[in-house]
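**Student:** Sequence below, structure please.
(4 chains)
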2 protein chains.
Amino acid sequence: MPDFIFKGKVYYNPVQLVMEQIGGVWKMPILWRLQYHTMRYGELRNDIPHISDKMLTTQLRELEEDGYVHRQVYAVVPPKTEYSLTEKGREVIPLITQIREYGNQLIEKENKKL
Amino acid sequence: MPDFIFKGKVYYNPVQLVMEQIGGVWKMPILWRLQYHTMRYGELRNDIPHISDKMLTTQLRELEEDGYVHRQVYAVVPPKTEYSLTEKGREVIPLITQIREYGNQLIEKENKKL
DNA sequence: TGCGATACATACTTTTTGGTTAGTATTTGA
DNA sequence: TCAAATACTAACCAAAAAGTATGTATCGCA
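**Tutor:** As a prediction, the model looks like this:
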């Protein structure tokens, strides 16, 4: 499997690309919460424990840039912004489901040991 | 989904745990290559483009520590070490397969646009 | 005698990622 | 009149991940 270029950047393997698009601590938890309905910024913020404004904003921007989420801004006061999954975002949910399941398996097995 | 503790460290969600165990640029490519047979250090090194000694060694040690690979050292000169998947390592291969497939899909779609 | 092969280790630096704190504009409600 | 809510931005800092370069012991081989 040779190197390839995706959006101007060199990657060594397909896994590396996936990790950049949806890896890290926060992106999958965000996508996961958007799977059934649109959510406002503040709803995501309240629903995801420990996430900071900076992380939520930067991760949402990257997900938008990479085509996973759609951002709808309403010009009202106080401001209102809604986030929802795009087609690409919906397509990646099954993969996230599997990753979560595997994570839960690990936790279960660990707990059995106690 | 509340916080939990796994091997003494606090995690915020199952995805974060999975990312720590098999995330990053190199761990999945290593596991992937070990799926069918044992490999020597040098074979892995030659087979994984761009990986450095440092990365290969540290990632193998972490995978061993987390129970994904087994390390068999032969006390000969020149040294010989063989790496193979454990049961836990074999169990994670289907997940890696899916992640790779998704990555390949992304690449295909990108290429169609050209 | 000096080189290459083997499977690393060590030290150092750079890059990326994530966290903390504070600040912004505007309106509603107390 | 002052605080709270909203959806952010900016500046700064710490930690983690990754990259680079060099060194190590031992042997066979030229």
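**Student:** which outside residues touch the longest helix along chain A?
**Tutor:** Longest helix in chain A by number of residues (criterion: DSSP state H): helix A:93-112. By Cβ atoms under 8 Å, 6 or more residues apart in numbering or on different chains, the residues outside helix A:93-112 that reach it are A:22, A:28, A:31-32, A:35, A:85, B:4, B:6-7, B:13-18, B:21, B:92, B:95, B:98-99, B:102. Bear in mind the C-beta positions are built from the backbone N, C-alpha and C, glycine included.
**Student:** what does chain A have sitting close to DNA strand D?
**Tutor:** Contacts of chain A with DNA strand D, taken as Cβ under 7 Å from any atom of the strand, map to A:40-42, A:45, A:53-54, A:57, A:60-61, A:71, A:73, A:78-81.
**Student:** To what extent is A:Val15 buried, counted in neighbours?
**Tutor:** 26 (other Cβ atoms under 10 Å in any protein chain shown).
**Student:** Tell me the spatial nearest neighbour of the most centrally placed residue in chain A, not counting adjacent residues.
**Tutor:** Centroid check for chain A by Cα atoms, centre = their mean gives A:Lys27 as the closest residue, at 2.7 Å. Using Cβ to Cβ, 6 or more residues apart in numbering or on different chains and skipping the chain neighbours, the partner closest in space to A:Lys27 is A:Gln59 (5.4 Å).
**Student:** cool, and A:Glu64?
**Tutor:** A:Arg71 (5.3 Å).
**Student:** and the residue of chain A nearest DNA strand C?
**Tutor:** At 3.2 Å from DNA strand C, A:Gly24 is the closest residue in chain A, using Cβ to the nearest atom of the strand.
**Student:** My guess is that residue contacts B:Val15. True?
**Tutor:** No - A:Gly24 is not in contact with B:Val15 according to Cβ atoms under 8 Å; the separation is 9.3 Å.
**Student:** At the contact with DNA strand C, which residues of chain A appear?
**Tutor:** Checking chain A against DNA strand C by Cβ under 7 Å from any atom of the strand, the hits are A:20, A:24-26, A:50-55, A:59, A:77-79.
**Student:** What segments of chain A are helices?
**Tutor:** A:14-22, A:27-34, A:41-47, A:53-65, A:87-91, A:93-112.
**Student:** circling back: can you name the residues that contact the residue nearest to the centre of chain A?
**Tutor:** A:21, A:59, A:62-63 are the contacts of A:Lys27 under Cβ under 8 Å, 6+ apart.
**Student:** which of the residues you listed lies closest to chain B?
**Tutor:** A:Gln21 (7.1 Å; Cβ to the nearest Cβ).
**Student:** how many other residues sit next to the residue nearest to that closest one when sequence neighbours are not counted?
**Tutor:** Closest residue to A:Gln21 apart from its sequence neighbours, by Cβ to Cβ, 6+ apart: A:Asp66 at 5.3 Å. A:Asp66 has 17 neighbours, counted by other Cβ under 10 Å.
**Student:** Over to A:Asp66: give its phi and psi.
**Tutor:** Note on A:Asp66: its backbone torsions stand at phi -90, psi 0 [degrees, to the nearest 10].
**Student:** Touching, it and A:Val18? I think so.
**Tutor:** No - at 11.1 Å, A:Asp66 does not count as touching A:Val18 under the criterion of Cβ under 8 Å.
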